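Enquirer: this one's sequence-less:
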């Protein structure tokens, strides 16, 4: 088995917890989304799936992967999975799911939520970046860019909902913690 194929399998398996322990059941949450928000709800998994598929195929055909980029890519991916789990358990126990119309049990400002306001989306961005770091492919860079854009739009749309649910408390939180990229945006 080639290193690229092995990495493709590792990157695929790393997404399993994201789907097993997602914060909302899509079929139950769908009625909560209307118009533009509903469109982006479908676009997000589609873009992530396309990027992951392209990443797996690309990695399986890469002839030479420098050790430094492979190690860095795996470190970034491992960080993404751990950060996602950290953020997810702060929302609610893994077996509990919440609907978008339900306000958070409490506004978390600690842990992963003290780093970025959307730690799950940030984790997706990191996970999508990992194969780009390893393969250094322009096609992967484009699909990564689309994923990052889609996740940024989802974060903005989700914040509209959170502003409506939490009001001034959320406004103050937004002033102290960046949205999606730590210390930047």
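Expert: Ah, there it is. Quantities reported herein were computed from a predicted structural model and do not represent experimental measurements.

Enquirer: And the contacts of the helix or strand hosting residue 17?
Expert: Taking DSSP states H and E as the definition, residue 17 sits inside helix 16-20. Contact with helix 16-20 is made by 81, 84-85, 123-124, as judged by C-beta atoms under 8 Å, 6 or more residues apart in numbering. C-beta coordinates here come from the backbone N, C-alpha and C atoms, glycine included.

Enquirer: Save those as CSV, and put in secondary structure, pLDDT and distance to residue 150 too.
Expert: Output for the contacts of helix 16-20, formatted as CSV (DSSP: H, G, I helix; E, B strand; the rest coil; pLDDT from 0 to 100; distance: C-beta to C-beta, whole Å):
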residue, secondary structure, pLDDT, distance to residue 150
81, helix, 93, 20
84, helix, 94, 17
85, helix, 93, 22
123, helix, 96, 14
124, helix, 95, 9
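
Enquirer: quick one: which of the residues you listed is nearest to residue 60?
Expert: residue 81 (21.0 Å; C-beta to C-beta).

Enquirer: which residues touch the residue nearest the centre of the chain?
Expert: In the chain, the centroid-proximal residue (C-alpha atoms, centre = their mean) is residue 124; its distance is 2.1 Å. Residues in contact with residue 124, defined by C-beta under 8 Å, 6+ apart, are 18, 48, 80, 84, 147, 151.

Enquirer: let's see it at 6 Å
Expert: residue 151 (C-beta atoms under 6 Å, 6 or more residues apart in numbering).

Enquirer: Also residue 172?
Expert: Going by C-beta under 6 Å, 6+ apart, residue 172 touches no other residue.

Enquirer: buried sites along the helix or strand containing it?
Expert: According to DSSP H and E, residue 172 maps onto helix 168-176. Neighbour counts over helix 168-176 (16 or more other C-beta atoms under 10 Å) mark 170, 173 as buried.

Enquirer: before we move on, what about stretch 114-126?
Expert: Residues of stretch 114-126 classed as buried by neighbour count (16+ other C-beta under 10 Å): 115-126.

Enquirer: same deal with stretch 61-76?
Expert: Neighbour counts over stretch 61-76 (16+ other C-beta under 10 Å) mark 62, 65, 70, 73-74, 76 as buried.

Enquirer: Could you export the residues you listed as TSV, including secondary structure, distance to residue 182 and pLDDT?
Expert: Formatted as TSV, those follow (DSSP: H, G, I helix; E, B strand; the rest coil; distance: C-beta to C-beta, whole Å; pLDDT from 0 to 100):
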residue	secondary structure	distance to residue 182	pLDDT
62	coil	29	83
65	coil	27	86
70	helix	24	94
73	helix	19	95
74	helix	20	95
76	helix	14	97
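
Enquirer: Show me which of those is closest to residue 40.
Expert: Of the buried residues of stretch 61-76, the one sitting nearest to residue 40 (C-beta to C-beta) turns out to be residue 76, at 24.8 Å.

Enquirer: helix or strand for residue 55, which one?
Expert: Element membership of residue 55, judged by DSSP H and E, is helix 35-61.
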